[in-house]
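**Student:** Attaching a predicted model along with its sequence, questions to come.
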Amino acid sequence: MESPASSESSALVFRDATDADVDALVVLVESAYRGDASRAGWTTEADILDGQRTDPEGVLEVIKSPDSRLLTVERDGEIVACCQLEHRGDHAYFGMFAVRPSLQGAGLGKVIIAEAERQARETWGVREMHMTVISVREDLIAWYERRGYRRTGRTSPFPYGDERFGVPRRDDLRFELLVKPLL
């Protein structure tokens with residue numbers, strides 16, 4: 001499924017990721033969250049986590065899952081952003097959201113999350129979007145709150161010891177569930 005974005009961002013093309021996109025998507029996600037390169041944007045987790053954010057197997061698993069989509073965003077034929085949408089009954093899960101660090105802070109994220117919400121609502125008829133955010137990421141949580149997400153206070157443990165999710169630099173990490181009604 002391929003669709004151009006709204007007139008506000010007419011240069012963007014939204015499509016489902018394919019197997020051929022895996023390597024580029026891993027590079028994108030890693031660049032947005034890990035290492036010094038991620039500091040060019042504001043979504044970096046470099047101060048709280050080392051190691052990887054994802055790997056080719058994890059990305060391919062999302063692409064292949066029958067209840068999941070990895071929405072890929074292109075501008076001028078280049079992948080500039082992505083996000084996971086997963087159908088979970090009465091709601092959709094939003095994850096693996098990454099925008100190229102050099103493009104962060106210019107409104108692209110707002111356009112992408114709005115399109116992801118629209119697609120989840122229209123494709124699956126869901127009434128809510130759920131996501132989990134590392135609870136110490138106050139700046140990121142505030143950004144989602146400005147988009148209509150609310151903190152639930154419900155948390156789940158960070159997978160300490162599983163390096164597929166990174167190597168923690170602190171011992172107080174956990175995920176908090178954020179929810180938004182999709183009307």
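**Tutor:** That came through fine. Since we're looking at a predicted model, the values are computed, not measured.
**Student:** Would you mind listing the residues in contact with Asp36?
**Tutor:** Ala46 (C-beta atoms under 8 Å, 6 or more residues apart in numbering). Placement of C-beta: from N, CA and C, glycine included.
**Student:** shouldn't Gly105 be in contact with Trp42?
**Tutor:** Yes: between Gly105 and Trp42 there is a contact under C-beta atoms under 8 Å: 6.0 Å.
**Student:** Out of the two, name the residue with the larger neighbour count.
**Tutor:** It is Trp42, of Gly105 and Trp42, that has more neighbours when counted by other C-beta atoms under 10 Å, with 15 against 12.
**Student:** Can I take it that that one is in a helix?
**Tutor:** No: Trp42: not assigned to a helix; according to DSSP: H, G, I helix; E, B strand; the rest coil it is coil.
**Student:** Please name the residues that touch it.
**Tutor:** 104-105, 139.
**Student:** top helix in this protein by residue count?
**Tutor:** helix 108-124 (DSSP state H).
**Student:** what's the offset of the helix or strand following that helix from the middle of its chain?
**Tutor:** The C-terminal neighbour of helix 108-124 among helices and strands, as given by DSSP states H and E, is strand 128-134. The chain centre lies 10 Å from the centre of strand 128-134; the measure is C-alpha atoms, centre = their mean, to the nearest Å.
**Student:** Next secondary structure after strand 128-134?
**Tutor:** Following strand 128-134 toward the C-terminus (DSSP H and E): helix 138-146.
**Student:** Could you check the angle that following helix makes with strand 128-134?
**Tutor:** For helix 138-146 against strand 128-134, the angle by axes from the mean of the first three to the mean of the last three C-alpha atoms, to 10 degrees is 170 degrees.
**Student:** So for helix 138-146, what gets flagged as buried?
**Tutor:** 140-141, 143-144 (16 or more other C-beta atoms under 10 Å).
**Student:** Let me know the angle separating the longest helix of the chain from helix 138-146.
**Tutor:** 50 degrees.
**Student:** quick one: average pLDDT of helix 108-124?
**Tutor:** Confidence over helix 108-124 (mean pLDDT, whole number) is 97.
**Student:** And for stretch 13-22?
**Tutor:** On average, stretch 13-22 scores 98.
**Student:** Now it: buried residues?
**Tutor:** 13-15, 17, 21-22.
**Student:** Could you tell me which residues make contact with Thr44?
**Tutor:** Here Thr44 is in contact with 32-34, 38, 101 (C-beta under 8 Å, 6+ apart).
**Student:** All the helices of this protein, residue numbers only.
**Tutor:** Using DSSP H, helices in the chain cover 22-33, 56-64, 108-124, 138-146.
**Student:** related to what we said a few turns ago, go through the buried residues of helix 138-146 and name the one nearest Gly125.
**Tutor:** Tyr144 (22.6 Å; C-beta to C-beta).
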